[in-house]
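[1] let me see the structure of the following:
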Amino acid sequence: MTGSSRGYGRQIAVGLAAGGAKVVLNSRGSAADGRIVARDIAAAGGEAIYVEADIGDESKVRDLAAVVARKYGAIDIVVHNAARGYERAVDETTWPQFEEALRVNTYAIIALARHFRPLFRPGGKFLYVSSIGAERGMPGYSAIGASKAAGEALIRSLALEWAPDVRANTIRPNVIPTFSLRSFTWADDLWKVFEDEAPLGVTGVEELARTALWLCGDESDYVSGQVISVDGGFTTSMRRPGLTTRRRDASAVKKSEGV
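    Numbers count the residues shown, from 1 in each chain. As a prediction, this is how the structure comes out:
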């Protein structure tokens, strides 16, 4: 479970442990937070270990797989939640900045697939946590959005290449003021837009975690290669405040249809 020391990743990891999974927590930094998550899981009766590793470095992914193999021998689930990137406009993004986003958000999928595929039991699940920025443009999100969209394409290929033994899916979170989101200068504006436009309103990380746990469980065995947005309808909506409350009368409808 990459990127599991806080935010979405922490919630998913805790949920997996509560369901009986033995969880290997991972992050590049925030090691203290990761160890706290492992301790909290253990206190609740679950089992978890924390391994600090930069998932954007394939040698570290290989080492992480070796730790998992020695500890557990085989796996059922990989969740790639770690992400990285800079807030930059397209024409301000440097090549190294784009490469860094790609290393964690995209290349890491290849590294995880290469080194963890031999450990998967039949019926395993690979889950990628993407972003609404893979579909909708957001200012300064160019490199992250592009790398996330590329990651989604890789997951679709995994779903084909690993069938029928392993299912691979993508989940897109709703807009939640997590530590990562708050690092963007426009975070408050995006949150306001989400509040205004999400047809089902706003919620917390719990909704995302529930869907992620479903995708990691047996109930989703016939689901693979899919991108599931858990955003209250935000990415499919053209809603604006007041728009859905206006209705045309019958004569206006007929006139419009006759044009």
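
[2] remind me which residues of the stretch 101-250 of the chain are low pLDDT?
    Low-confidence segments of the stretch 101-250 of the chain (pLDDT under 70): 175-194, 237-250.

[3] can you give me the helices in it?
    For the stretch 101-250 of the chain, the helices defined by DSSP state H, counting those that start in this stretch cover 108-116, 142-161, 187-197, 205-216, 250-258.

[4] can you give me the buried ones in the second one?
    This points to helix 142-161. By 16 or more other C-beta atoms under 10 Å, the buried positions in helix 142-161 come out as 142-152, 154-156, 158-159. Where you see a C-beta, it was placed from the backbone N, CA and C, and this is true even at glycine.

[5] which elements pack onto it?
    helix 95-102, helix 108-116, strand 120-129, strand 166-172 (3 or more C-beta pairs under 8 Å, 6 or more residues apart in numbering; DSSP states H and E).

[6] the helix or strand containing residue 39 - contacts with which helices or strands?
    Per DSSP states H and E: residue 39 is located in helix 31-43. Applying 3+ C-beta pairs under 8 Å, 6+ apart, we find helix 31-43 packed against helix 7-18, strand 22-27, strand 47-52.

[7] pull the residues that contact that helix.
    Applying C-beta atoms under 8 Å, 6 or more residues apart in numbering, the contact partners of helix 31-43 are 4-6, 10, 13-14, 17, 23, 25-27, 47-50, 52.

[8] winner for burial among the helices and strands packed on helix 142-161?
    strand 166-172 (a mean of 24; mean count of other C-beta atoms under 10 Å).

[9] using PDB, list the CA coordinates for that one.
    C-alpha atoms of strand 166-172 as PDB (Å, rounded to 0.1, in the frame of the first residue of the first chain):
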ATOM      1  CA  VAL A 166      -5.500 -10.500 -11.400                       C
ATOM      2  CA  ARG A 167      -8.000  -7.600 -11.700                       C
ATOM      3  CA  ALA A 168      -6.700  -4.100 -12.200                       C
ATOM      4  CA  ASN A 169      -8.800  -0.900 -11.700                       C
ATOM      5  CA  THR A 170      -8.500   2.800 -11.100                       C
ATOM      6  CA  ILE A 171     -10.300   4.900  -8.600                       C
ATOM      7  CA  ARG A 172     -10.600   8.700  -8.800                       C
END
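
[10] follow-up on the earlier one: make JSON lines out of the helices and strands packed on helix 31-43 and add mean neighbour count and mean pLDDT.
    Converted to JSON lines, the helices and strands packed on helix 31-43 look like this (neighbours: other C-beta atoms under 10 Å; pLDDT from 0 to 100):
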{"stretch": "helix 7-18", "mean neighbour count": "24", "mean pLDDT": "91"}
{"stretch": "strand 22-27", "mean neighbour count": "24", "mean pLDDT": "96"}
{"stretch": "strand 47-52", "mean neighbour count": "18", "mean pLDDT": "96"}
